[in-house]
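1. build the 3D model from these lines:
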Amino acid sequence: MIRLAATFRPHFRSIETRSDWVRLGTLVLLRWLAIGGQLAAILTAEFVYGIQLDLGLCLFAVVAAVTTNLMATAILPANKRLTEQEALLTLLFDISQLAFLLYLTGGLDNPFALLILAPVTISATALQLRTTVILGSVAIGLVTFIALAYEPLRLASGAVLAIPETLRFGFWLAIVIGIVFLAYYARKVSTEIRSVSDALLATQMALAREQKLTDLGGVVAAAAHELGTPLATIKLVSTELMEDLADRPEQAEDARLIRDQADRCRDILRSMGRAGKDDLHLRNAPLLEVIREAAEPHSSRGKVIEIDAAPAGRGDDAMPIIQRRPEIIHGLRNLIQNAVDFAQSTVWVDAVWTARTISVRIVDNGPGYPPHVIGRIGDPFIRSRPVAEPDSGRPEYEGMGLGLFIAKTLLERSGAELSFANATDAQSTQPGLAMRSGAIVEVSWPRDKISGKESGPLGENRPILP
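-> Next comes the predicted model:
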């Protein structure tokens with residue numbers, strides 16, 4: 001089994017346990033359309049083409065569907081979400097009603113036999129796998145039955161309309177294969193869509209949380225800046241009072257208490273400001289400082305994080321100033337967390353830059369990525385790192401595959417390109433990786449995408465909009 005790190009576990013149900021996606025009104029509307037088509041086909045065959053049908057039983061099947069729809073509409077609200085069992089029974093009725101009509105109208109000689117695929121496809125798209133297997137099995141059984149036993153189509157002259165047995169067998173085989181293939185295809189596509197949707201929701205939650213922390217940090221930074229001068233004045237005056245009241249111990253002690261409390265207020269504001277520093281003079285920061293801020297939450301988890309930054313060549317030795325955006329910090333933090341989770345002892349974070357690009361490479365000395373999933377890394381809900389041992393310091397993560405998906409989505413939003421590889425595969429072209437045996441993640445930005453300006457002084461405070 002393989003797994004990925006996730007910064008948090010979103011509180012929504014697993015894809016495989018959702019059963020209340022199908023709305024009653026939707027199935028009722030689809031059944032009304034089917035009823036209209038069935039009635040039109042029966043009447044056209046009987047009165048236009050002169051095909052002799054058991055009109056009474058055919059109309060009975062249509063009336064049964066009409067009655068079921070009217071009862072469902074009268075008893076239940078149209079916006080009711082069906083449970084798994086209710087949806088299963090509804091679709092079983094549709095399959096059975098259609099099979100009964102096909103039995104009365106030529107079996108597989110009836111070109112409308114392929115419509116039996118519809119209920120199974122609906123189930124594969126919206127219901128659980130077990131329900132889809134039941135419906136698919138019932139559909140195959142009914143198709144097999146009407147391929148062997150059915151009322152043949154007869155013209156007014158008594159001639160039987162029938163296709164050769166070979167073609168009938170081919171139609172049966174095509175419908176059976178269609179049931180299996182369409183069910184698998186529809187389920188695969190819908191599952192991937194829901195996976196991406198859920199993971200994008202988790203990404204938005206992560207970014208919103210990071211933005212809230214950043215906004216809060218901005219308020220704290222502004223408060224610390226604005227209160228700095230009054231606190232310094234209080235400390236200065238209280239120190240002078242202590243000197244003037246040296247012969248009056250009680251008053252001098254009060255002045256000392258005022259000074260100590262001013263120092264305490266300064267320390268509290270300073271410590272609170274570490275959580276986020278999004279004020280005007282800190283919207284941009286040196287590349288190395290942004291990386292250190294991203295790595296800080298994982299620096300005390302028992303693994304060594306070595307951070308290095310250097311120009312890729314000559315002519316641009318100055319450290320780049322980049323935008324201190326939540327997407328960049330949170331994305332790098334997820335990548336570093338993933339490396340720390342699986343590293344045996346050390347994680348290397350190397351930043352390099354040229355006149356046009358800025359790159360950050362994160363390498364660990366863990367087991368690396370399994371080769372067969374490297375092409376899928378970054379997709380949600382896949383597990384792409386070997387399971388950590390119980391003593392590896394990672395028992396708190398289940399590894400839903402969201403960690404790298406969130407990081408990849410956030411960093412790509414900032415203009416980055418990500419690549420994943422194993423250090424053992426890259427050692428032949430990059431000798432510096434000889435001591436690094438684990439996974440490699442490289443993040444590269446065009447320099448103009450994230451370049452910032454030199455930090456300046458604080459501007460005027462701005463209101464925080466909801």
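2. list phi and psi for residue 370.
-> Main-chain dihedrals, residue 370, degrees, to the nearest 10: phi -60, psi 130.
3. quick check: the gap between it and residue 81.
-> With the distance defined as CB to CB, to the nearest Å, residue 370 ends up 39 Å from residue 81. For every residue, glycine as well, the C-beta is placed using N, CA and C.
4. next: residue 122.
-> Distance, residue 122 to residue 81, using CB to CB: 14 Å.
5. quick one, which of those two is more surrounded?
-> Using other CB atoms under 10 Å as the criterion, residue 122 and residue 81 rank with residue 122 on top: 22 against 12.
6. what's the closest non-adjacent residue to the more buried one?
-> residue 91 (6.5 Å; CB to CB, 6 or more residues apart in numbering).
7. how about the contacts made by that neighbour?
-> Residue 91 makes contacts with 27, 119, 120, 122, 123, 135, as judged by CB atoms under 8 Å, 6 or more residues apart in numbering.
8. over to residue 93: give its phi and psi.
-> phi -60, psi -40.
9. can you count the residues close to the nearest residue to it once chain neighbours are set aside?
-> The shortest distance from residue 93 to any non-neighbouring residue, by CB to CB, 6+ apart, is to residue 68 (6.4 Å). By other CB under 10 Å, 17 other residues sit near residue 68.
10. A helix includes residue 68, no?
-> Yes. Assessed with DSSP: H, G, I helix; E, B strand; the rest coil, residue 68 lies in a helix.
11. circling back: ok, the residue nearest to residue 122 to residue 119 distance?
-> Following CB to CB, the distance that separates residue 91 from residue 119 is 4 Å.
12. overlap in contacts, those two.
-> Residues touching both residue 91 and residue 119 by CB under 8 Å, 6+ apart: residue 135.
13. so which helix or strand takes in residue 186?
-> helix 165-244 (DSSP states H and E).
14. then residue 418?
-> strand 417-422.
15. would you mind writing the CA trace of that strand as PDB?
-> Only the C-alpha atoms of strand 417-422 are listed here, as PDB (Å, rounded to 0.1, in the frame of the first residue of the first chain):
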ATOM      1  CA  GLU A 417       5.600  24.200 -12.800                       C
ATOM      2  CA  LEU A 418       6.100  21.000 -10.700                       C
ATOM      3  CA  SER A 419       8.100  17.900 -11.500                       C
ATOM      4  CA  PHE A 420       8.400  14.700  -9.500                       C
ATOM      5  CA  ALA A 421      11.200  12.100  -9.600                       C
ATOM      6  CA  ASN A 422      13.300   9.800  -7.500                       C
END
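16. and that strand, average pLDDT?
-> Averaging pLDDT along strand 417-422 gives 89.
17. who does it pair up with?
-> The strands beside strand 417-422 in its sheet (DSSP bridges) come out as strand 439-446 (antiparallel).
18. which residues does the strand it pairs with contact?
-> With contact meaning CB under 8 Å, 6+ apart, strand 439-446 is reached by 331-332, 335, 338-339, 342, 356-364, 366, 368-369, 385, 411, 414-423, 426, 433.
19. buried set for the helix or strand that comes right after that strand?
-> Per DSSP H and E, the first helix or strand lying C-terminal to strand 439-446 is helix 447-450. Residues of helix 447-450 classed as buried under the neighbour-count rule (16 or more other CB atoms under 10 Å) are 447, 450.
20. against which helices or strands is helix 447-450 packed?
-> Contacts defined by 3 or more CB pairs under 8 Å, 6 or more residues apart in numbering; DSSP states H and E place helix 447-450 against strand 357-364.
21. what pLDDT, on average, does the strand it packs on get?
-> Strand 357-364 comes out at a mean pLDDT of 93.
22. pull out the CA atoms of that strand and give them to me as PDB.
-> This file holds the C-alpha atoms of strand 357-364, laid out as PDB (Å, rounded to 0.1, in the frame of the first residue of the first chain):
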ATOM      1  CA  THR A 357      13.600  31.600 -13.400                       C
ATOM      2  CA  ILE A 358      13.400  30.700  -9.700                       C
ATOM      3  CA  SER A 359      13.500  27.100  -8.700                       C
ATOM      4  CA  VAL A 360      13.000  25.300  -5.300                       C
ATOM      5  CA  ARG A 361      14.000  21.600  -5.100                       C
ATOM      6  CA  ILE A 362      13.000  19.500  -2.200                       C
ATOM      7  CA  VAL A 363      14.700  16.100  -1.700                       C
ATOM      8  CA  ASP A 364      14.500  13.600   1.100                       C
END
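23. which helices and strands sit right next to that strand?
-> With contacts defined as 3+ CB pairs under 8 Å, 6+ apart, the packing partners of strand 357-364 are helix 326-342, strand 346-353, strand 439-446, helix 447-450.
24. how big is the angle separating the first one from strand 417-422?
-> In other words, helix 326-342. Per axes from the mean of the first three to the mean of the last three CA atoms, to 10 degrees, the angle that helix 326-342 makes with strand 417-422 is 10 degrees.
25. next structured bit after the helix or strand containing residue 41?
-> Under the criterion of DSSP H and E, residue 41 resides in helix 24-47. Using DSSP H and E, the helix or strand that directly follows helix 24-47 along the chain is strand 51-52.
26. for that following strand, which strands pair with it and how are they oriented?
-> Next to strand 51-52 in the sheet, as set by DSSP bridges, lie strand 153-155 (antiparallel).
27. state the distance from residue 439 to residue 445.
-> Noted for residue 439: a distance of 20 Å to residue 445, by CB to CB.
28. higher neighbour count, the two?
-> For residue 439 versus residue 445, the count of surrounding residues by other CB under 10 Å is larger for residue 439: 27 against 23.
29. beta partners of the more buried one?
-> When bridges are called by DSSP bridges, residue 439 pairs up with residue 422.
30. go ahead and confirm residue 349 touches residue 293.
-> No. The pair residue 349 / residue 293 is not scored as a contact, 12.0 Å apart, by CB atoms under 8 Å.
31. those two: who's more crowded?
-> More crowded of residue 349 and residue 293, by other CB under 10 Å: residue 349, with 24 against 18.
32. please name the nearest non-neighbouring residue to that one.
-> Looking at residue 349 with CB to CB, 6+ apart, the closest residue is residue 307, at 4.7 Å.
33. confirm that the one you found sits in a helix.
-> No. With three-state DSSP as the criterion, residue 307 is strand rather than part of a helix.
34. so it versus residue 359, what's the distance?
-> Counting by CB to CB, the gap from residue 307 to residue 359 is 14 Å.
35. near residue 403, how many other residues are there?
-> Under the criterion other CB under 10 Å, the count of neighbours that residue 403 has is 26.
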